[in-house]
Structure formats: C-alpha cells, structure tokens
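K.L.:
Any chance you could fold what I've pasted below:
(one chain, ligands or ions: 2)
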Amino acid sequence: MGRTALHELTLAGVQDIAKKRGLDVAGKSEFEIHSIIAQDDCLRDRAARNASHLQELHQVISALNAAQSPFVCVGSLPLDPSSPIAILVGSGPISEVSTTYTPVHFPLKNEAALQPLLEASKQASFGRGHQDILDPTYRRALVLHSDRFVVAPTGSLEPHALGIVDSIRETLFPAVENDGGSTRRIVAVLDKLNVYAEGDFFKGHVDTPKSPDMFGTLLINLPASHEGGQLIVRSPENQMSSPNDVGASRDQVYMTNWGKDTGLEWVAFFSDCEHEVLPVTRGKRVTLSYTLSFERPMMKHGPVDVEALAGSRDLAREKLVDTLKAPGILRKGRSLCFHLQHKYPLDPEKTPVSSIVNQLKGRDAVIYHALQASGASVTLHLVIFSDQSHVPVDDTDRDPDSTSNKVTIGGVDPTPSSTPMGRPQMLAPRSHQGPRTFSAVTGSPLAHYLNHSYISYGNESVLCTDYGSICIIANVPGEDVNAPWGPLVENASRLDVLD
Ligand SMILES: O=C(O)CCC(=O)C(=O)O
Ligand SMILES: [Fe+2]
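P.N.:
Ligands and ions are numbered 1, 2, ... in the order given. This next block holds a predicted model:
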C-alpha cells in the first residue's frame, strides 16, 4: 500500500496524526514523516481507508462535473420588418387616464427615433446595501420603469408567448423538466427598459432578489444597431473572471454579441450570477429586463417527482445516480455535505430552509434530485455566518473561548411540517469526535462568506429579502438527522478524512 494512500494525506494531516501517535516528526521532511508513519500499522490502515474514501468522493465529483448544468440560456427570434414592435412611451404613469403615448419603433431606423425614450427615461441608480444610489462610475445608463410604457402590439414581447420561458425551463431546470410543468410554472414579469448610449456601461453586480420566489433575470435586446455594450455573465463559481482569463473555461463566462441583428436576442441567467455591461462604443443599446420567478402556489407542493429524473434520459445524470448508489459512497455514520453553488433569497426566521427545494437552481438541483433518485435521505441545512467559531444558533450554547473568523452551521430542518426551523444544530470543530462525520463534497461555506459582502452591490436596494447559504446533507436512509452532529471535513476530496 502505503505510499499512494499515505500521499493522499496532506502534510498538515500527516503531522497532526504523527503527533497524536507520539511519533517524533520535529524537523523532518514530508517524505521522512511518510516513511515514519508507514511503519505504524494503525496509521497505515487509516490512510488506506482515507484513500478509498477519497477515491469514492472523486468519483462523485467527476460524475457531478459531467452532469453540470448551464447557468445561462440564450436565444434569438426573427422580427418581421413589415410589422415592427413599438414601445409606447407614456407622458406620465400609464395608469393615469390623461396619459398620452409616443411610439418608438424597433428595429430602430435611426438614433433620432429614440428621442422620446431618452426624454422619458431617468439616470439609473443601483443598490448598495440598503440604499439606491446614483454613481455614474458604477452604472451609466438610462432606465424607464414598466409603469411608464406599454408594448404594441400587446403581447409581442411576452416571454411565454415567444417560447422563451419554455427554453428557460428546459435549459436551466433540466433535472425537473419532465415533472409535468404544472408544479414549476415560471413567471416572467417585465421590470424596466434600459438605454445605453455611447460610453454607457454597468459594472459587475448581482441582481437583487425582489421576492423569495425570484430565481433569475431575462434580458431581451431590442434591435438597435450598436457596438460594444457586451453583457458578460459569470457562473457563480467564476465571479471574478473575464472571458480572456487563463483558466476561466469558456463555459463559465458567457458574453453576448448583440447590436448587429434585426431580430430579438435574449439571455436569461440565475440572479446570483455576477454580470456587467461593457461600455457601448457606437450607437444605442436598448434592453428590456424581466424578473423570473416561480409561481407562488407551487411552493406548497412537496419535493418534485424524482421519477422525472429517471425519465429525463440524460446519460451524465444517470451516471451520477449510479455513482451515488455505489456501495460505500453513503454509509452509516458518514454524511455527505454539498454546499450549494447558488444563493437563494430566504428569510430563515419566517421560512423553512426546505422551502427552497422547489427553487433549486443548476447544479444544486442536479445534486438534490440525483441524491433522491439514488435512494439517499436528503435534507437541506442553513449555513449561518458568524465571526465566532462554531457557535450554535441558540445563543445559550455560545462558546466564550472561540473567537476565530469561522462559519457556524446550524438550523437543521428535517421536519419542516412540524417546526418552521427544525431544531438548531451545529457541526462540531474538527477536534471533536461526534457520532457522524460530514464530508464536504462540493464548495465551501467560506466562499459564500466572501461573496456575502459583495451581494450588497445589487442592482436595486431591497430590504425584505437576503441570501442565505445552504447545504444539502445526504445520509443513508433511517439515520437520525437530529442525532448530535460530528465534525465537518471541509474540502473532503483534498484533505485527509477523519474517522
Ligand atoms: O441592460 C442590460 O443588459 C443589463 C441590465 C442589468 O443588469 C440590470 O438592470 O440589473
Ligand atoms: Fe443586472
């Protein structure tokens, strides 16, 4: 055995183990330490078990990567030039009887034709923390809210009628695409019209969720000739990269190429994906933005039909299910922990964590449904951030000695029907030998922690909702999710695994 399995342990893990076994490793190289512990039967055995565990987790991660689902969905629709679309710009709020309308036709014939829109629009602000502020170094654009214009002919830019909503469901929610549609009705609501003139831009931001049901944003580009003004959308795991970054794979950063076509072009993306509009270098760029939400009544439904996953005949996802079913992946006493890739608007004081089951996006939905299809017992857990180390959600249990800048994980929500929050629990520090070990297979709550301050740069300031970080915990069926929690092994696929 020995070398390969031992090599899977990190140097820190090896030093830790060696010290606990009373082995003298002071001043020794990693190679020497490995040789020392290779002589130790107990350590060899433990390293071998770690190595097989790591191999299993790597298999899960590979299957998961192969089953990745996209974070953007794009399309284009031709427009009949003989029947242009008109934006009817109101002289005041459209609810008022006295309002008169001036039409602006698309495809836009010349820039002068845009004048009524420019006059009615106002300089766009954006949300920083709880305030809407004007900062032309961050966002330079004009906006016209949907209460100041109407589209003619009526319904001609209606995303349902145009088939855009169906495409969004098929692309962004493939894992649940076949559940009959009725439980996952998507609603696209027109929010505003954005005009970017030469030199205008909108720097990187994430869109503020306007309600807990909102999951994404749809932008329709109206045909107006321009250059520059590309929209860049980044996957949640690639927030700081540009399309030219070395290492940022092209499927993690999407960039539009609008302004040349005479039809409609559109892009939809999950609302926690960072996006930006590069400066327009010629012409005018006009977009309509829509919020994408799940219809409210579906929140009452239970978890979506897992049969749908089996019916989707996606080979990569079937392989993921098979990998999760393989003997040893899930075993008694070891839970798998998947930190969610996306953020979700959730007020944990009012809503159980389990309510986001029907809102899971992208890879999170794939993991959840694959785990369910594999027969695992699957629960969602709230991740709460704290500058205290491993502080339980319940303040009475606060550990006065822990001050490091770590995360607290709590808010177990196994039985949402009986209690709104479930009994608060926490993951114990690594040194604590709890009855169950948690192996973090994907992501880290710390990454969310770093993002957290970033999301105060929304596109609007909204007070009522915020993002929480959540993880999916998978157990063998029958295990008591309320039993005291053991240690969390972060990045279990890379670090040594505690037993
Ligand atoms: O106009 C665009 O393409 C983007 C607008 C945007 O990101 C926003 O309003 O939040
Ligand atoms: Fe935005």
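K.L.:
just the helices in the chain please.
P.N.:
3-7, 11-20, 30-38, 41-66, 115-120, 164-172, 307-311, 315-325, 362-373, 445-454 (DSSP state H).
K.L.:
Could you give me the buried positions within the fifth one?
P.N.:
If you call a residue buried by 16 or more other C-beta atoms under 10 Å, then helix 115-120 has these buried ones: 116-117, 120. No exception for glycine: its C-beta is placed from N, CA and C like everyone else's.
K.L.:
Quick one: list the elements packing against it.
P.N.:
For helix 115-120, the elements it packs on are strand 85-90, strand 101-106, strand 142-145, strand 186-196, judged by 3 or more C-beta pairs under 8 Å, 6 or more residues apart in numbering; DSSP states H and E.
K.L.:
what about the one residue in the stretch 201-350 of the chain that gets nearest to ligand 2, how many neighbours?
P.N.:
Per C-beta to the ion, residue 207 is where the stretch 201-350 of the chain lies closest to ligand 2, at 4.4 Å. Residue 207 has 23 neighbouring residues, counting by other C-beta atoms under 10 Å.
K.L.:
How about it: what's its closest non-neighbour residue?
P.N.:
Of all residues not flanking residue 207 in the chain, residue 271 sits nearest, at 4.4 Å (C-beta to C-beta, 6 or more residues apart in numbering).
K.L.:
can you check residue 155 too?
P.N.:
residue 161 (5.4 Å).
K.L.:
Need the pLDDT of that neighbour.
P.N.:
Model confidence at residue 161, given as pLDDT, is 93.
K.L.:
For this structure, name the helix or strand with the lowest mean pLDDT.
P.N.:
Least confident helix or strand of the chain, by mean pLDDT, DSSP states H and E, is strand 407-412 with a mean of 34.
K.L.:
Just to check, residue 108 is in contact with residue 226?
P.N.:
No - with contact defined as C-beta atoms under 8 Å, residue 108 does not reach residue 226; the gap is 9.5 Å.
K.L.:
joint contacts of these two?
P.N.:
Common neighbours of residue 108 and residue 226 (criterion: C-beta atoms under 8 Å, 6 or more residues apart in numbering): residue 284.
K.L.:
circling back to that earlier point, would you turn the helices and strands packed on helix 115-120 into CSV with mean pLDDT and mean neighbour count?
P.N.:
Shown next, in CSV, are the helices and strands packed on helix 115-120 (pLDDT from 0 to 100; neighbours: other C-beta atoms under 10 Å):
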stretch, mean pLDDT, mean neighbour count
strand 85-90, 94, 20
strand 101-106, 94, 17
strand 142-145, 94, 18
strand 186-196, 95, 21
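K.L.:
Figure out which of these is closest to residue 320.
P.N.:
With C-beta to C-beta as the criterion, residue 320 lies closest to strand 186-196 of those, at 24.6 Å.
K.L.:
Residue 252 contacts residue 234, doesn't it?
P.N.:
Yes - using C-beta under 8 Å, residue 252 makes contact with residue 234 at a distance of 6.8 Å.
K.L.:
Which one's more surrounded, the two?
P.N.:
residue 234 (25 against 19).
K.L.:
wait, doesn't the more buried one sit right on residue 272?
P.N.:
No - shown here, residue 234 and residue 272 do not form a contact pair, counting by C-beta under 8 Å, at 10.4 Å.
K.L.:
List the beta-bridge partners for the closest residue to ligand 1 within the stretch 51-200 of the chain.
P.N.:
Of all residues in the stretch 51-200 of the chain, residue 194 sits closest to ligand 1, at 3.9 Å by C-beta to the nearest ligand atom. Per DSSP bridges, the residues bridged to residue 194 are residue 143, residue 287.
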